[in-house]
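K.L.:
make a model of this:
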Amino acid sequence: MNLPTLKKKYLWVAIPALLLAVGGLAISTATRGQTVAVPAGTEIQVRLNESIATNRDTAGDSFQAVVAEPVMIDGKTVIPKGAPASGQIVSIRESGRLSGVARMRLMLKSVEVDGKEYELHTSDYSGHGGNHRKRNWGFIGGGAGGGALIGALAAGGKGAAIGGPIGAGAGIAAATLTGKKDFVLPAETLLRFELADPVEVKLKS
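P.N.:
The predicted structure follows:
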């Protein structure tokens, strides 16, 4: 085999390999720089870094969380697990002592991916405490019954009309002191939000 033929043979092998390498590099670069649209309706799960309580926090306060599960689009991780996220308390109401259910409404506002913060528009999370009406009526009724019993024993039955209101007053006082049922989301609570609008995220390099 002469030298020109040998060189030609190596060229036929080297050129396709070089083209494949360049093509692979171009594809890799395009993938790294690709911007992916996360569609509306996509669920984002976050885990709270801190507690949120109706008797402590106020509307407009922010809260911090981390993404609990990766958000995948076409097999690609667009928002990784552990990505920092922040939200806001949209509305909050403290429990009353005799009436009024504690409530809160939260929205996810942003997520950070590869050092860049992306603004989010999501559905809201709504939570509320228990209804304490039955418990309060138990206190008030029990107090009234106790007052009536004390009045009857003290005055041979005639004092029941007086003792009842006194007992009811004591029951109301007890309900006022102990009847609040505030609503608390402890740290590590898992919350789920859905994107109301799509968001474009640049893939990690």
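
K.L.:
nearest residue to residue 106 in space, please, no chain neighbours.
P.N.:
The shortest distance from residue 106 to any non-neighbouring residue, by Cβ to Cβ, 6 or more residues apart in numbering, is to residue 125 (4.5 Å). Where you see a C-beta, it was placed from the backbone N, CA and C, and this is true even at glycine.

K.L.:
who touches the helix or strand containing that neighbour?
P.N.:
Secondary structure from DSSP states H and E places residue 125 in strand 124-128. Residues outside strand 124-128 that contact it (Cβ atoms under 8 Å, 6 or more residues apart in numbering): 90, 101-107, 183, 185, 191-193.

K.L.:
all the strands of the protein, residue numbers only.
P.N.:
Remark: strands assigned in the chain by DSSP state E are 35-38, 43-48, 52-53, 62-67, 71-73, 76-79, 84-93, 103-113, 116-119, 124-128, 184-185, 190-194, 199-202.

K.L.:
let me have those in TSV, extended by mean neighbour count and mean pLDDT.
P.N.:
TSV is the format used below for these (neighbours: other Cβ atoms under 10 Å; pLDDT from 0 to 100):
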stretch	mean neighbour count	mean pLDDT
strand 35-38	14	94
strand 43-48	19	96
strand 52-53	18	92
strand 62-67	18	98
strand 71-73	17	95
strand 76-79	19	94
strand 84-93	18	96
strand 103-113	20	95
strand 116-119	12	97
strand 124-128	15	88
strand 184-185	18	92
strand 190-194	16	95
strand 199-202	17	95
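
K.L.:
any idea how the chain splits into domains?
P.N.:
Following automatic domain parsing, one finds the domains of the chain at 1-32, 35-131+181-202, 133-178.

K.L.:
what is the mean pLDDT for the first one?
P.N.:
The average pLDDT within domain 1-32 is 49.
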